[in-house]
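>>> Structure for this input, please:
(2 chains)
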Protein chains: 2
Amino acid sequence: MEIAQILIDGKWRTATAEATFHATNPATGETLATPFPVSEWSDCDLALEAAAHAAIELRKLAPEQLAAFLEAYAANIEAASAAIVEAAAEETGLPASPRLKDVELPRTTNQLRQAAAAAREESWKRATLDLERNIRSCFAPIGPVIVFGPNNFPLAFNGISGGDFAAAIAAGNPVIAKAHPLHPNTTRLLAEEARKAAVETGLPSGAAQMIYHINNANGLKLVSDARVGAVGFTGSRGAGLALKKAAEEAGKPVYLEMSSINPVIFLPGALVEDGEKLARELADSCLAGAGQFCTSPNVILLWDNANTESLLASVAKTFSERAPQPLLSLSGQSQIQAGVAALTSAGAELVAGGHNVDGPGYRYANTLLRATAKQFLARPHELQREVFGNVTMAITVEGLEELVSTLELFEGNLTGAIYSAKTGADDELYAQIEPLLRQKVGRLLNDKMPTGVAVSPAMHHGGPFPATSHPGFTSVGIPAALTRFATLQCYDGVREDRLPAVLRNKIQNADTWRSIDGAWVKG
Amino acid sequence: MEIAQILIDGKWRTATAEATFHATNPATGETLATPFPVSEWSDCDLALEAAAHAAIELRKLAPEQLAAFLEAYAANIEAASAAIVEAAAEETGLPASPRLKDVELPRTTNQLRQAAAAAREESWKRATLDLERNIRSCFAPIGPVIVFGPNNFPLAFNGISGGDFAAAIAAGNPVIAKAHPLHPNTTRLLAEEARKAAVETGLPSGAAQMIYHINNANGLKLVSDARVGAVGFTGSRGAGLALKKAAEEAGKPVYLEMSSINPVIFLPGALVEDGEKLARELADSCLAGAGQFCTSPNVILLWDNANTESLLASVAKTFSERAPQPLLSLSGQSQIQAGVAALTSAGAELVAGGHNVDGPGYRYANTLLRATAKQFLARPHELQREVFGNVTMAITVEGLEELVSTLELFEGNLTGAIYSAKTGADDELYAQIEPLLRQKVGRLLNDKMPTGVAVSPAMHHGGPFPATSHPGFTSVGIPAALTRFATLQCYDGVREDRLPAVLRNKIQNADTWRSIDGAWVKG
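The predicted model follows:
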């Protein structure tokens, strides 16, 4: 079978490959037929050269044209949705419906359209005018963006179609997408729709490019290349930290979403009111997508009492009864196995699961562990290890003091949730722990599970290190996500006819919010 | 004489010193009497502990109290201005008047008052409300901020009184200021006014702390300590890159302003119109503060023609006639000497100056060099070396093509200026070079010199690496500068009475701009 081609400078071309690889259907374990190339550096170099050229061309385009591309791309994805969903289901083992077809694909096209609207509106540029001094500034494209997509969202976080892609393009930058090697064919199909949309809307040929795989050394070389503007990455902590170091040494802004165990705290009154309902919510959240979500609740904190025992028993029952969903890969399964072994050897007790499950494909028993706060406090590093999958650990505390000590030792996380009594019975406890949890997480939730990340302008999908690389930026939420891929540009005493349109006294675009002499003004 | 004390947790205390040092009067070369301590790690540790505690306390304060502190501090500085200016003049050799008393000190108090106004207004938090989904987010304090001030602005960029200090405090963070060892006594006097203001306005004792000096290893340890929220630094590229690496490995946001040669381009028509005036403007800008400004025009680009020769002859005459101002230090003088030697050995020709000048104090002859674009293109790295001081190099180009090639090889800079004919004669050239220069600089100027950085909401004092560490942030300009020291915090489904005041449906503060369901609304 022919080796799949890469998308460089608007054309599908044969890669200069140092090796090939195959995807697997993780629900069956079957190796898929198409060979995909591991590109040599020369492919990266071609992509960078085309991207550098495209960056110049993109800066000349009206925002409307970026918006038109993103909308055409969304429409193309919808038109090709059957094939895309089929490929994604085959490569990820995720259910074609509802997950891929009815949830993730619409989310993907919605993100592209929201990004289009943001590009068109131009408010994301935060145009700031000091009319008296004639000093003006706005955000502008940063240059070619390298996007590494994760394994777990083949569409909505794909390097060629996901949130980082949409944000980078909407901000006026070309993207070089590095496919996740677990779903290369899905990425290929998406890239073809991007290519068609670029042709349809007159985007430069190097605006959207895609390679499947490169070795680690070339990955580090890629993110630190002089032609790069910025880097977006969603994935493991190990890979993320290596890319971070390389990019930062070269002075490149790099936005990483790495790891998170997303603590959920059940204050005692919440369990009194509605323990059974919470047990169901928790189990559903933990097992969604076989727990392979960045916001999956990997650790829960509860008072050591009878209500907690009931809740845990109920969750354990659900975990045991519900068939484990396929994991994304064999290495994902091995990682869970190693993680659970590490947790138990650090003292956590197995309540349910804790073993591989026979095929087809790669599955691991839905797993619940438990430990006491005392155990956690003795081995905080080992017991907050992220296990990416259907594994959750309960930590029981004997009172507020232990809870506070435990929270103080948590690393940065994407989310933290607190369930409390509706009656207000937990309010005093809430007030005492909220300030502590607040500083550890990007998104604080009340009475709801952290899975499910709405694409809202107020969303913050980010958090303190090591959850991400910078606590001031979000990867979900438009228009805020665009500013990651922007540079601030000031015009001091520049003649008005030389200013970008968004900074002139009279603006054509009636929808643009600008800050003029300290007041936000529209149009 | 007794060793000066450090300001830790609201009290002046004797440092645990591994050594002492003295400041020098660089205008005379005289060593000043007071010994200052080089702190051991234990002093840093005490400061970090107090700062971590203060960070918790500061989050509980109303914005009004932060504002009151900043305003009281500004008033205290004014009340003590005679002594502060005297100390600064003695330690820096800068003229007490007008520079320190009439320019820098008012700028410093103005910055503190602008920061107070921003803290009070709260618009910097960019409160974003999605009412339908009940998702809300805003910027919040990031935690203890370490500020390293530079040698060249003893007041306006001082770690304990400058722009980074004002921004970090206004955003609700404690500051540990590391004094610049060239002006420890000035820093001591400022710290005392900060201490008094903190007492007067009830700020936590660890909100504003100051140490004079630490060794390099402790500097790296300090910026990567777990208790640190972020780091602000203004200084040399070497020191900056070392701190950057240490902070980033620990996952700490670090904002550095490092080096810049600030290219100024004279298009041919500009010289035809007003060569003599431009020669005066240029010389004044180059020699202001003995060229020891981060935005000093270190390189100018001109057409190889008779008008350029006239301009250079005029500038050379001014450089030779005007008495060189004292430099900030002996090492500053040595650095200039080494820098000029490096430029000439890379082929640049000396037009004026190029040698040390006899005392009193440390002086270097006002120095003009020249090179051709061809020379620059052959040795671009050596010929764009920053020489921090009264040294400027002219590069002559034989046409547009050479200018473009030269600009393409420039590193990131804080500023870039283009002078062009008022008649429009240079407009075509401008259009061809602007896109290239625009991507290399944070602030683009027309028909004016880059020295002079207005404290305007539209100012961008920053730029692409290696001028700074992130092209999206500014260190001057309020409120934008505050967001460097902030973390984004999202509230998802949080009960309204638990939200911070700035995110509640009804806001008390009538002056706060918030983005509510996509529209900016005041109050």
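>>> so what secondary structure elements neighbour the host helix or strand of A:Thr308?
Using DSSP states H and E, A:Thr308 maps to helix A:306-321. Packing partners of helix A:306-321 (3 or more Cβ pairs under 8 Å, 6 or more residues apart in numbering or on different chains; DSSP states H and E): helix A:268-287, strand A:299-303, strand A:349-352, strand A:367-372, strand A:391-397. (Glycine included, C-beta is placed from N, CA and C.)
>>> and if we set it to 10 Å?
strand A:264-266, helix A:268-287, strand A:299-303, strand A:349-352, strand A:367-372, strand A:391-397 (3 or more Cβ pairs under 10 Å, 6 or more residues apart in numbering or on different chains; DSSP states H and E).
>>> a markdown table please, covering those and showing mean neighbour count, mean pLDDT and distance to A:Asn152.
Shown next, in a markdown table, are the helices and strands packed on helix A:306-321 (neighbours: other Cβ atoms under 10 Å in any protein chain shown; pLDDT from 0 to 100; distance: least, Cβ to Cβ, whole Å):
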| stretch | mean neighbour count | mean pLDDT | distance to A:Asn152 |
| --- | --- | --- | --- |
| strand A:264-266 | 26 | 98 | 20 |
| helix A:268-287 | 19 | 96 | 14 |
| strand A:299-303 | 25 | 98 | 19 |
| strand A:349-352 | 18 | 98 | 23 |
| strand A:367-372 | 23 | 98 | 18 |
| strand A:391-397 | 25 | 98 | 15 |
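>>> Put together a markdown table for these, with distance to A:Glu428 on each row.
Output for the helices and strands packed on helix A:306-321, formatted as a markdown table (distance: least, Cβ to Cβ, whole Å):
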| stretch | distance to A:Glu428 |
| --- | --- |
| strand A:264-266 | 14 |
| helix A:268-287 | 10 |
| strand A:299-303 | 14 |
| strand A:349-352 | 30 |
| strand A:367-372 | 23 |
| strand A:391-397 | 16 |
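>>> is it true that A:Pro457 lies in a helix?
No: counting by DSSP: H, G, I helix; E, B strand; the rest coil, A:Pro457 is not part of a helix but coil.
>>> who touches A:Phe293 in this structure?
A:Phe293 is in contact with A:Asn152, A:Phe153, A:Ser260, A:Asn262, A:Ser285, A:Cys286, A:Phe388, A:Gly389, A:Pro450, A:Thr451, A:Gly452, A:Val453, counting by Cβ atoms under 10 Å, 6 or more residues apart in numbering or on different chains.
>>> Which PyMOL command selects the buried ones in these?
A single PyMOL command selects the buried members of those (16 or more other Cβ atoms under 10 Å in any protein chain shown):
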select buried, chain A and resi 152+153+260+262+285+286+388+389+450+451+453
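>>> and which of the contacts of A:Phe293 is nearest chain B?
The shortest approach to chain B among the contacts of A:Phe293 belongs to A:Pro450, at 8.1 Å (Cβ to the nearest Cβ).
>>> does the closest one really touch A:Val264, like I thought?
Yes: proximity of A:Pro450 to A:Val264 meets the contact threshold set by Cβ atoms under 10 Å, at 7.1 Å.
>>> Now list whatever residues contact both of these two.
Counting by Cβ under 10 Å, 6+ apart, the residues touching both A:Pro450 and A:Val264 are A:Ser285, A:Pro297, A:Thr415, A:Gly416, A:Ala417.
>>> Burial check on the third one, number of neighbours?
It refers to A:Thr415. By other Cβ atoms under 10 Å in any protein chain shown, 29 other residues sit near A:Thr415.
>>> which SS state does the nearest residue to it once chain neighbours are set aside fall under?
Nearest residue to A:Thr415, sequence neighbours excluded (Cβ to Cβ, 6 or more residues apart in numbering or on different chains): A:Pro450, at 3.7 Å. Of the three states, A:Pro450 takes coil according to three-state DSSP.
>>> quick revisit: average pLDDT across the helix holding A:Thr308?
The predicted model gives helix A:306-321 an average pLDDT of 98.
>>> Centre of the chain to that helix, how far?
30 Å (Cα atoms, centre = their mean, to the nearest Å).
>>> Run through who's touching it.
So helix A:306-321 is in contact with A:266, A:268-273, A:275-276, A:278-280, A:282-284, A:286-287, A:300-302, A:350-353, A:365-368, A:370, A:390-392, A:394, A:396-397, going by Cβ under 10 Å, 6+ apart.
>>> can we see that at 8 Å?
A:266, A:268, A:271-272, A:275-276, A:278-280, A:282-283, A:286-287, A:302, A:351-353, A:365-368, A:370, A:390, A:392, A:394, A:396 (Cβ atoms under 8 Å, 6 or more residues apart in numbering or on different chains).
>>> Tell me the buried residues in that helix?
A:Asn307, A:Thr308, A:Leu311, A:Leu312, A:Ser314, A:Val315, A:Ala316, A:Thr318, A:Phe319.
>>> The residue of chain A most remote from its centre: what's its closest spatial neighbour, skipping adjacent residues?
The outermost residue of chain A, judged against the average C-alpha position, is A:Glu132 (42.3 Å), by Cα atoms, centre = their mean. Excluding the flanking residues, the one nearest A:Glu132 by Cβ to Cβ, 6+ apart is A:Asp517, at 7.4 Å.
>>> Test for you: state the pLDDT assigned to the one you found.
In this model, A:Asp517 carries a pLDDT of 96.
>>> Do I have it right that it meets A:Ile135?
No: contact status for A:Asp517 versus A:Ile135: not in contact, 11.0 Å apart, counting by Cβ atoms under 8 Å.
>>> Tell me which of the two has more neighbours.
Counted by other Cβ under 10 Å, A:Asp517 and A:Ile135 do not tie: A:Ile135 has more neighbours, with 24 against 14.
>>> give me the beta-bridge partners of the more buried one?
A:Asp130, A:Asp492 (DSSP bridges).
>>> Next up, the contacts around it.
For A:Ile135, the contacting residues are A:Cys490, A:Tyr491, A:Asp492, A:Gly493, B:Ala454, B:Ser456, B:Ala458, B:Met459, by Cβ under 8 Å, 6+ apart.
>>> which one of those has the most neighbours?
Busiest of these [other Cβ under 10 Å] is A:Cys490, holding 28 neighbours.
>>> mind checking which helix or strand the closest residue to that residue other than its chain neighbours is in?
Distances taken as Cβ to Cβ, 6+ apart put B:His460 closest to A:Cys490, at 3.4 Å, once the chain neighbours are dropped. Secondary structure assignment for B:His460, by DSSP H and E: no helix or strand.
>>> For B:His460, give me its contacts.
Contacts of B:His460 by Cβ under 8 Å, 6+ apart are A:Ser137, A:Leu488, A:Gln489, A:Cys490, B:Gly442, B:Arg443, B:Thr474, B:Gly477, B:Ala480.
>>> neighbouring contacts of the helix or strand containing A:Phe165?
For A:Phe165, the element it lies in under DSSP H and E is helix A:163-170. The contact list for helix A:163-170 (Cβ under 8 Å, 6+ apart) reads A:66-67, A:69-70, A:111-112, A:114-116, A:118-119, A:124, A:145, A:147, A:149, A:156-159, A:174-175, A:177, A:207-208, A:230, A:232, A:234, A:255, A:455, A:475-476, A:478-479, A:481-482, A:484-485.
>>> After it, which helix or strand is next?
Following helix A:163-170 in sequence order, the next helix or strand is strand A:175-178 (DSSP H and E).
>>> which other helices and strands contact that following strand?
helix A:41-60, strand A:145-148, helix A:163-170, strand A:208-211, helix A:216-223.
>>> swap the cut-off to 6 Å and go again
strand A:145-148, strand A:208-211 (3 or more Cβ pairs under 6 Å, 6 or more residues apart in numbering or on different chains; DSSP states H and E).
>>> And those: which comes nearest chain B?
strand A:145-148 (13.3 Å).
>>> Show me what that closest one is packed against.
When contacts are defined as 3+ Cβ pairs under 6 Å, 6+ apart, strand A:145-148 packs onto helix A:163-170, strand A:175-178, strand A:230-234.
>>> buried ones in the last one?
Right, strand A:230-234. By neighbour count with 16+ other Cβ under 10 Å, strand A:230-234 contains the buried residues A:Ala230, A:Val231, A:Gly232, A:Phe233, A:Thr234.
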